[in-house]
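In: my questions are about this predicted structure, shown below with the sequence.
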Amino acid sequence: MIRFENVSKVYTRGARPALEDVSVDVQRGEFVFLVGASGSGKSTFLSLVLREQRPTRGGIYVAGRDVARLSAWRVPKLRRELGVVFQDFRLLQNKTVYENVAFALKVIGKPRSAVRDTVPEILDLVGLSGKEKRMPTELSGGEQQRAAIARAIVNRPQILLADEPTGNLDPTTSLGIMRLLDRINSTGTTVVMATHDDEIVNEMRRRVVELSDGVVVRDEASGVYGERESILPEVRRSSVLGTASGVPRRAATGRRKPLPVRVPTHGEA
Ligand SMILES: Nc1ncnc2c1ncn2[C@@H]1O[C@H](COP(=O)(O)OP(=O)(O)OP(=O)(O)O)[C@@H](O)[C@H]1O
């Protein structure tokens, strides 16, 4: 679904490459965490998928398209296959929740009847039924992210890219957002999520691709955030998805307050 073949990206000639000889193959339906220190190249990776940037070297294939060579007029079509969510939500502040989501359909020319049918369905899916008329400022951070996710998926993209989607949210709210992304993934959408959230990565146990100074230093099928396998042996993916292993989050390191084992329903975040 997304293939990088020996991709390098140099923004400024003479500077260290933001990505160097990166080869990654993401299959349809996978959920992949992109981790690494600040400046390691995660956002660059996502912006290359979106064709906001072109690679300096190498091949990039997204949803069957050769993105590095794609002509400019074909880029909008590529982007219809991609939903994107960001740390800072990026909702249109002068539009209601409903209008924010509807806008994504209107700009691609969907008929009014399709908008009327689809928007309530998607708002229900993300747990925002009843909040259609709220303005973004009248929503909690978690609700704003749910609205942003609704907008990103209303078009039924094949791929959802998420750049630090829980970066502005507290741990409990983040968990609700991760349950939602997991549900979207389980319907077949490929998800690639750049994150610094070690708790979430450790508990989800999905594929982890780690970048360091633009180089892939780790690619594990069911990985953790860092090399801490030995101190988190008991944490299993089930705990984040609500089947409750009974293990408090972060029990081993105690850096953040443990989360309640009960996972909030989608309306609570
Ligand atoms: N538009 C740009 N022009 C020049 N250099 C850039 C540009 N965007 C990113 N870089 C550089 O490329 C490198 C990788 O940055 P990138 O934003 O991809 O990292 P990141 O892992 O997403 O970081 P963060 O976690 O802080 O968001 C950094 O050294 C950064 O300074």
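Out: That came through fine. Quick caveat, the model's predicted, so the values are computed rather than measured.

In: can you give me the helices in the stretch 151-269 of the chain?
Out: For the stretch 151-269 of the chain, the helices defined by DSSP state H, counting those that start in this stretch cover 171-186, 198-204.

In: quick one: mean pLDDT over the shortest one.
Out: I take that to be helix 198-204. Summarised as a single mean, pLDDT over helix 198-204 is 92.

In: tell me the helices and strands packed up against that helix.
Out: Of the remaining helices and strands, those touching helix 198-204 by 3 or more Cβ pairs under 8 Å, 6 or more residues apart in numbering; DSSP states H and E are strand 31-35, helix 171-186. Bear in mind the C-beta positions are built from the backbone N, C-alpha and C, glycine included.

In: chain center to the first one: distance?
Out: How far strand 31-35 lies from its chain's middle: 8 Å, per Cα atoms, centre = their mean, to the nearest Å.

In: quick one: closest of the helices of the stretch 151-269 of the chain to the ligand.
Out: Between the ligand and the helices of the stretch 151-269 of the chain, the shortest separation by Cβ to the nearest ligand atom is 13.1 Å, and it involves helix 198-204.

In: do the closest one and the ligand meet?
Out: No. In this structure, helix 198-204 remains apart from the ligand according to Cβ under 6 Å from any ligand atom; the gap is never smaller than 13.1 Å.

In: next one: that helix to chain centre, how far?
Out: Mean-position distance between helix 198-204 and its chain equals 14 Å (Cα atoms, centre = their mean).

In: mean neighbour count, the helices and strands packed on helix 198-204: which tops it?
Out: Compared across the helices and strands packed on helix 198-204, strand 31-35 shows the largest average neighbour count, a mean of 23 (mean count of other Cβ atoms under 10 Å).

In: can you name the secondary structure element that comes next after it?
Out: Scanning the chain past strand 31-35 towards its C-terminal end, the next helix or strand to appear is helix 42-49 (assignment: DSSP states H and E).

In: which residues sit against that following helix?
Out: For helix 42-49, the surrounding residues in contact (Cβ atoms under 8 Å, 6 or more residues apart in numbering) are 2, 4, 7, 9, 18-19, 22, 34-36, 53-55, 60, 62, 67, 82, 84, 159, 161, 163, 192, 194, 211, 214.

In: from those, which are also near the ligand?
Out: With the criterion set as Cβ under 6 Å from any ligand atom, the members of the contacts of helix 42-49 near the ligand are 18, 36.

In: coming back round to it: now the helices and strands packed on helix 198-204 as JSON lines including mean pLDDT and distance to residue 44?
Out: Putting these into JSON lines (pLDDT from 0 to 100; distance: least, Cβ to Cβ, whole Å) gives the following:
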{"stretch": "strand 31-35", "mean pLDDT": "98", "distance to residue 44": "10"}
{"stretch": "helix 171-186", "mean pLDDT": "95", "distance to residue 44": "22"}
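
In: a markdown table please, covering these and showing distance to residue 125.
Out: Formatted as a markdown table, the helices and strands packed on helix 198-204 follow (distance: least, Cβ to Cβ, whole Å):
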| stretch | distance to residue 125 |
| --- | --- |
| strand 31-35 | 17 |
| helix 171-186 | 8 |
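
In: next, the buried residues of stretch 13-21.
Out: Of the residues in stretch 13-21, 17-20 count as buried by neighbour count, 16 or more other Cβ atoms under 10 Å.

In: kindly report the same for stretch 149-156.
Out: Buried positions in stretch 149-156, judged by neighbour count with 16+ other Cβ under 10 Å: 149-155.

In: which residues of the stretch 101-250 of the chain score low on pLDDT?
Out: Within the stretch 101-250 of the chain, the ranges that satisfy pLDDT under 70 run 227-250.

In: residues making contact with the helix or strand where residue 118 lies?
Out: Using DSSP H and E, the element containing residue 118 is helix 112-125. The contact list for helix 112-125, computed with Cβ under 8 Å, 6+ apart, reads 97-98, 101-102, 105-106, 110, 129, 131-132, 150, 153-154, 183.
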